[in-house]
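Enquirer: Okay, here's the prediction I keep looking at, along with the sequence it came from:
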Amino acid sequence: RLLEGMADVQRDTRAESGAVAGCLLGNLALELSTQEPEVRARLERVFDEQVGLVTATLREAADSGAVPAERATPETARAVIAQLEGLVLFAKLKNDPSVLDGLWPHTLLLVGGGRA
């Protein structure tokens, strides 16, 4: 749902405004994290919360056999978030939300849950 939701937001924003906006939190982190310690600290907490949520989802998936148990870690969750943020950045650079079309199959490969 996280991946689909981000892709949907980028498509909707592009359709409404003519531009892919990217991720507000990712944009703030890129622009302000070295200049505003309080903003950086808050963004760090937000991304840590996201990593926690994705880790919990990976653990549920591991319990059901959908992903290998060794992939249900905070490190893999961080990689999933990084994959999402990176592709959103590329979509913003190209002003093309279709860049996100391969997000789900490649994320499945990252977590060991399938093939692209």
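Expert: Arrived safely, thanks for sending. Residues are numbered from 1 along each chain as shown.

Enquirer: Averaging pLDDT per element, find the lowest-scoring helix or strand in this protein.
Expert: helix 24-32 (a mean of 80; mean pLDDT, DSSP states H and E).

Enquirer: Next, the buried residues of the helix or strand that that one is followed by.
Expert: Counting by DSSP states H and E, the element after helix 24-32 in chain order, helix or strand, is helix 37-63. Within helix 37-63, the residues scored as buried using 16 or more other Cβ atoms under 10 Å are 43, 47, 50-51, 54-55, 57-59, 61-62. In short, each C-beta sits where N, CA and C put it, glycine included.

Enquirer: can you pull the contacts of Val20?
Expert: 10, 13-14, 91-92, 94-97 (Cβ atoms under 8 Å, 6 or more residues apart in numbering).

Enquirer: What remains of these if I keep only buried residues?
Expert: 10, 13-14, 91-92, 97.

Enquirer: low-scoring stretches of the protein, by residue?
Expert: 114-116 (pLDDT under 70).

Enquirer: Grab the most central residue of it for me.
Expert: Leu84 (2.9 Å; Cα atoms, centre = their mean).

Enquirer: what packs against the helix or strand harbouring that residue?
Expert: Assigning secondary structure by DSSP H and E places Leu84 in helix 74-94. When contacts are defined as 3 or more Cβ pairs under 8 Å, 6 or more residues apart in numbering; DSSP states H and E, helix 74-94 sits against helix 2-17, helix 24-32, helix 37-63, helix 103-111.

Enquirer: And the nearest residue to Glu4 once chain neighbours are set aside, how close does it get to Gln83?
Expert: Closest residue to Glu4 apart from its sequence neighbours, by Cβ to Cβ, 6 or more residues apart in numbering: Trp104 at 7.4 Å. Distance of Trp104 to Gln83, given as Cβ to Cβ, to the nearest Å: 10 Å.
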